[in-house]
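Trainee: One predicted model, sequence on top.
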Amino acid sequence: MTELQIYKFIHENNLECRWQTFWENKKEIDKLNVWIPSYLLKEFCDMLGYSAFDDGGISEVKLCFDGSIFVNNLDEILDYYGIEAENILEKPKDE
């Protein structure tokens, strides 16, 4: 998967994509989330490729089903492919 592929997948399909802040080990961590409709899940998985989850690849992906939408934290996937999350969606500026 390339940066351009995931960028186009998100933006051409008008997927909801946003930054969320979580607390981990007493620190705030910003994570990029995208909501993928179930009918696009196969296309998303095809983009990842079959070897992405082999030994030494992506160790875990969390998908949550909330009726009709899968929620996916993209951080580990983007890191695996060497993609900067801020190139997919710029972080909002602190005011």
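Mentor: Cool, got the structure.
Trainee: Where does pLDDT dip in this protein?
Mentor: 59-62, 67-72, 94-95 (pLDDT under 70).
Trainee: Which strand runs longest in it?
Mentor: If you go by DSSP state E, the chain has its longest strand at strand 27-37.
Trainee: Please identify the buried residues of the longest helix belonging to the chain?
Mentor: In the chain, taking DSSP state H as the definition, the longest helix is helix 3-12. Buried residues in helix 3-12, defined by neighbour count with 16 or more other Cβ atoms under 10 Å: Ile6, Phe9, Ile10. Bear in mind the C-beta positions are built from the backbone N, C-alpha and C, glycine included.
Trainee: again, but for stretch 22-38
Mentor: Buried residues in stretch 22-38 (16+ other Cβ under 10 Å): Leu32, Asn33, Val34, Trp35, Ile36.
Trainee: got the CA coordinates for it in PDB?
Mentor: Presented in PDB, the C-alpha positions along stretch 22-38 are these (Å, rounded to 0.1, in the frame of the first residue of the first chain):
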ATOM      1  CA  PHE A  22      -6.100   9.000  23.900                       C
ATOM      2  CA  TRP A  23      -4.200   8.600  27.200                       C
ATOM      3  CA  GLU A  24      -1.500   5.900  27.200                       C
ATOM      4  CA  ASN A  25       1.100   5.500  29.900                       C
ATOM      5  CA  LYS A  26       0.100   8.900  31.400                       C
ATOM      6  CA  LYS A  27       0.700  10.700  28.100                       C
ATOM      7  CA  GLU A  28      -1.700  12.100  25.500                       C
ATOM      8  CA  ILE A  29      -1.300  10.200  22.200                       C
ATOM      9  CA  ASP A  30      -3.000  11.400  18.900                       C
ATOM     10  CA  LYS A  31      -4.300   8.600  16.700                       C
ATOM     11  CA  LEU A  32      -5.800   8.800  13.300                       C
ATOM     12  CA  ASN A  33      -9.100   6.900  12.800                       C
ATOM     13  CA  VAL A  34     -11.100   6.200   9.700                       C
ATOM     14  CA  TRP A  35     -14.600   4.800   9.500                       C
ATOM     15  CA  ILE A  36     -14.900   2.300   6.600                       C
ATOM     16  CA  PRO A  37     -18.300   1.100   5.500                       C
ATOM     17  CA  SER A  38     -18.600  -2.700   5.400                       C
END
